[in-house]
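Asks: turn this into a model:
(2 chains)
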Amino acid sequence: MANSITDETMEYVGILAKLELTKEEKEQAKKDMGKMLDYIDKLNELDTAGAEPMSHVFSMNNVFRQDVVTNGDGREDMLKNAPEQKEGAFKVPKTVE
Amino acid sequence: MADWQIGRSRFEIGVKESLKQNTCAAIGEENSKNLAAVERSGGMSVLELNALELGKKIKSGEVTVLEAVEACLARIKEMEPTIHAYVTVVDEERAVERAKKVQAMIEEGALTSPLAGVPVAVKDNLCTKDLRTTCSSNILYNFVPPYTAEAVWNLEKAGAVILGKTNMDEFAMGSTTETSAFGVTRNPWNTEHVPGGSSGGSCAAVAAKECFYALGSDTGGSIRQPSSFCGVTGIKPTYGTVSRYGLIAYGSSLDQVGPIGKTVSDCAAVLEAVSSYDNKDSTSIPRKDLDFTSALVDDVKGMRIGIPRDYLGEGLDEEVRAAVLEAAGEMRQRGAVVEEFDLSLTEYAIPAYYVIASAEASSNLARFDGVKYGLRAKEYEGLHQMYKKSRSQGFGPEVKRRIMLGSFVLSSGYYDAYYLKALRTKALIKEAFDRAFAEYDMILGPAAPTTAPKLGESLRDPLKMYLGDIYTVAVNLAGLPAMTAPWGQDKQGLPVGLQLIGDCFQEKKIIRAAYTFEQIREGR
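Replies: Next up is the predicted model:
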């Protein structure tokens, strides 16, 4: 499976992960991922046909509660960590022309 | 690698050559001289006390909260140039103010917890209001949370005084605390060695007496393995026992917060204090059996203990194996039934774990985009590039590696082959543990294949480092409680830890056995 890790695959994964890697980083990442996936392929030795995928150990249903605000207005506190802010909002580069 | 090396060399400048070879004992000796001013009763430094002993002395008025806090801060000042267990230490002013407030509340009778007034160190992935929380990552280098994690809040309600935030592998991804963006932490037993990880700072802080106890988190062994390397005790509770609210997420289905302390009793008391049902964490479980200290009983008669043969096989250091078998013999002598058995599937736990943890990490770490908090790249063109550049500059190599792997295994075309396959494997691993616990009250084994490796040895080969998690990750996949109890030292003088694994909600059984081990050790 790991043989299928091409430069295109790495490019695609970079887009999904929102990471911009240098040429050297990309080469290293390709090697590392190939090695990891070769190792992970060990799972194919195992017959898992009868097993349901288990996301949580305890059977959990959705946990509901009333949608009531209990922590007050934290706008100013939240904005304190913003790299840039304007008029009580997070400031980001223009997204729509 | 580059980020880490810069951090390391910066840190090494601060290391005094003469202190490099110091062991815990030597450090302790030096300290007791320096702290003569706060010594009380019989000339013993307050730092020699464990958390519950200190809590008692504070209650009886023998030691004040301020004295305890100042002793820790002095110790931190003395040790940090060598150990570097903390990323952030609180301002003295803030600690003193808090100490006085807690002291007053204890005297008024408003605080009755056995931990009231006892200073604590908190892993830097647990949010603390108005106290910087970095996850040891550049991407959160300046993040000051507007709220406090539920586990920490529970401790504050009990009267804890926070000393600071402890170093860790970046976003808890690593087994040595070497992937921290702020420099490595050194093992107090031998500063040429790593403390383990990812809660390496918390475990080193406890071992070096830079706090009385600490909080850590455990996604694949991050409390148990560094506890083993640092010769301290740590518990990873059943999934859902401690609220994850305010714990910066790595692998949400695996993450649990837990205590790290000098003794089993301390850990049981802290676990009792931090556990709670929390409707802010949808995976929180209401439990009525949180009186963990009731299990501090020196008796294992009739207890059925299983040792997985798979945990004693190839790759296990001979001295660690001998320690586990010797500990098993002690249990047998005290009337426990100890048997070896085949747990099975052990070799599949690591690949399944890395698929699941990386997948969840790639999703959880999508929130770090330079918009709401943390690092934003200085130069970029447009929103998309701002995301990419901020993340690429902010994350270190190990974090990038796992985000990439996680993005890949979740991508269309590979989701079934990798992610679903890992979730099916997880179901089989859980079944294997269910079969084991139908036979045994508890599983005994090593916490790690070796004692603490030397600094700089592990990161060269990530896959090899991952293999060191072989005895710990399956526990997280199955949601089980497990703990590490120290059990002697190897020939190099480095601590060896035992791992005790219980069935879900059976913390008390492993606490009881760990307490018995501790009594045996202390009696030697």
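Asks: return the nearest residue of the stretch 151-300 of chain B with respect to chain A.
Replies: As assessed by CB to the nearest CB, chain A sits closest to residue B:282 within the stretch 151-300 of chain B, at 4.4 Å. C-beta: built from backbone N, CA, C; applies to glycine.
Asks: wouldn't that residue be in contact with residue A:63 here?
Replies: Yes: at 4.4 Å, residue B:282 counts as touching residue A:63 under the criterion of CB atoms under 8 Å.
Asks: of the two, give the one with the bigger neighbour count.
Replies: residue B:282 (16 against 10; other CB atoms under 10 Å in any protein chain shown).
Asks: residues in contact with the more buried one?
Replies: By CB atoms under 8 Å, 6 or more residues apart in numbering or on different chains, residue B:282 lies in contact with A:60, A:62-63.
Asks: again, 6 Å this time
Replies: By CB atoms under 6 Å, 6 or more residues apart in numbering or on different chains, the contact list for residue B:282 reads residue A:63.
Asks: got it, and residue B:266?
Replies: Residue B:266 neighbours (CB under 6 Å, 6+ apart): B:50-52, B:213.
Asks: which of those residues are the two that sit furthest away from each other?
Replies: Pairwise distances across these (CB to CB) peak at 9.3 Å, for the pair B:52 and B:213.
Asks: the host helix or strand of residue B:225: which residues count as buried?
Replies: Here residue B:225, judged by DSSP states H and E, is contained in helix B:224-230. By neighbour count on 16 or more other CB atoms under 10 Å in any protein chain shown, the buried set for helix B:224-230 is B:224-230.
Asks: contacts for it?
Replies: B:195-197, B:199-200, B:203-204, B:207, B:234, B:236, B:260, B:447-448, B:452, B:472, B:484, B:497, B:499.
Asks: residue B:362 contacts residue B:402, correct?
Replies: No: assessed by CB atoms under 6 Å, residue B:362 is found out of contact with residue B:402, at 7.3 Å.
Asks: follow-up on the earlier one: can I get the contacts of residue B:266 in CSV with pLDDT?
Replies: Output for the contacts of residue B:266, formatted as CSV (pLDDT from 0 to 100):
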residue, pLDDT
B:50, 98
B:51, 98
B:52, 98
B:213, 98
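Asks: just the ones in helices from those, please.
Replies: Mapping those onto helices (DSSP state H) picks out B:51-52.
Asks: out of the contacts of residue B:266, who has the most neighbours?
Replies: residue B:213 (30 neighbours).
Asks: leaving out the residues flanking it, which one is nearest to that residue?
Replies: residue B:261 (4.1 Å; CB to CB, 6 or more residues apart in numbering or on different chains).
Asks: list the contacts of that neighbour.
Replies: B:51, B:213, B:233, B:267.
Asks: from the residues you listed, which two are the most distant?
Replies: B:51 and B:233 (11.1 Å).
Asks: and the residue nearest to the spatial centre of chain A, backbone torsions?
Replies: Nearest to the mean C-alpha position of chain A, counting by CA atoms, centre = their mean, stands residue A:17 at 6.4 Å. Residue A:17 adopts backbone torsions of phi -80, psi -10, taken as degrees, to the nearest 10.
Asks: distance of it relative to chain B?
Replies: Distance, residue A:17 to chain B, by CB to the nearest CB, to the nearest Å: 4 Å.
Asks: name the nearest residue to that residue, sequence neighbours excluded.
Replies: Here the residue nearest residue A:17, using CB to CB, 6+ apart, is residue B:407, at 4.2 Å.
Asks: state the phi and psi torsions of the one you found.
Replies: According to degrees, to the nearest 10, residue B:407 has phi -60, psi -40.
Asks: what's the distance between the longest helix seen in chain A and the middle of its chain?
Replies: Criterion DSSP H: the longest helix present in chain A is helix A:23-40. Relative to the chain's own centre, helix A:23-40 is displaced by 18 Å; criterion: CA atoms, centre = their mean, to the nearest Å.
Asks: having no further points to raise, I will conclude here.
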